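**Q** what's the 3D shape of this:
(one chain, ligands or ions: 1)
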Amino acid sequence: MKLIGSLTSPYVRKVRVVLAEKKLDYAIELEDVWLPETTIHELNPLGKVPCLVLEDGDVMYDSRVIVEYLDTLTPVCKLLPPNGNGRERAAIKNWEALADGVLDAGVAMRLERIQRPPELQSAEQIARQMGKVERGMASMSDRLGDNAWCAGNHYSLADVAVGCALGWFSFRFPDIDWRGAHPNLGKLFDKLSERASFKDTVPQG
Ligand code: GSF
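**A** Numbering: from 1, shown residues only. Next up, the predicted model:
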């Protein structure tokens, strides 16, 4: 399998963490989707990473589809419950949707800031996205409460998604004090950061 992506993307990191947890072999091909010469559209018409190229040449996106597929490949470190357990499975996917949604808002804020000249940046748009980030993080913190893990009493895809989202905010928005606002998320993040899968995929660039 070949993973196309960057070392800064939190969605790519989610896939890399899952590949590592499941001890799956893969090659990574770095792609900067923002360069005019990018060829990402040949693989993904949406022009986004991550993309996973399978052995038979088939291409898979987006990160949620990829990680769900990867979890089926081996019983090592099951990150989602079996299909029959619909409610528990949906709860974990809901956590993932929340973490990815907070990221989507953060990415939109960042693009507004770095890709538009200051006079064209919309304070209203940034505030709207910031509202999603704040409410999303508060919801993660409320749902986590005093529990050791996000969903149920074990490590799952929910924790992977939340860890990648929080790590990206520390990387790109160090001024957002999510640890101060939500100490329980900080505690979870510190625990996740000790895992080899997280240590080996710290965003860089
Ligand atoms: C989001 C991927 C994404 O926005 C997923 O795979 O989960 N829902 C998708 N990737 C960004 C890179 S980054 O911000 O992590 C991307 O490829 N953006 C290019 C573009 O044209 O939006």
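
**Q** for this protein, what's the longest helix?
**A** Ranked by number of residues, the top helix in the chain under DSSP state H is helix 86-115.

**Q** How about that helix and the ligand, touching?
**A** Yes: for helix 86-115, a contact with the ligand is found by Cβ under 6 Å from any ligand atom, at 100, 107. Where C-beta positions appear, they are placed from N, C-alpha and C, glycine not excepted.

**Q** Could I get the full set of helices for the protein?
**A** In the chain, the helices defined using DSSP H lie at 10-21, 40-43, 63-73, 86-115, 123-144, 157-172, 178-181, 183-193, 196-199.

**Q** Let me have these in JSON lines, extended by mean neighbour count, distance to residue 54 and mean pLDDT.
**A** As requested, these are exported to JSON lines (neighbours: other Cβ atoms under 10 Å; distance: least, Cβ to Cβ, whole Å; pLDDT from 0 to 100):
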{"stretch": "helix 10-21", "mean neighbour count": "24", "distance to residue 54": "13", "mean pLDDT": "98"}
{"stretch": "helix 40-43", "mean neighbour count": "15", "distance to residue 54": "11", "mean pLDDT": "97"}
{"stretch": "helix 63-73", "mean neighbour count": "18", "distance to residue 54": "9", "mean pLDDT": "98"}
{"stretch": "helix 86-115", "mean neighbour count": "17", "distance to residue 54": "22", "mean pLDDT": "96"}
{"stretch": "helix 123-144", "mean neighbour count": "16", "distance to residue 54": "32", "mean pLDDT": "97"}
{"stretch": "helix 157-172", "mean neighbour count": "24", "distance to residue 54": "20", "mean pLDDT": "98"}
{"stretch": "helix 178-181", "mean neighbour count": "15", "distance to residue 54": "36", "mean pLDDT": "98"}
{"stretch": "helix 183-193", "mean neighbour count": "16", "distance to residue 54": "28", "mean pLDDT": "98"}
{"stretch": "helix 196-199", "mean neighbour count": "16", "distance to residue 54": "21", "mean pLDDT": "98"}
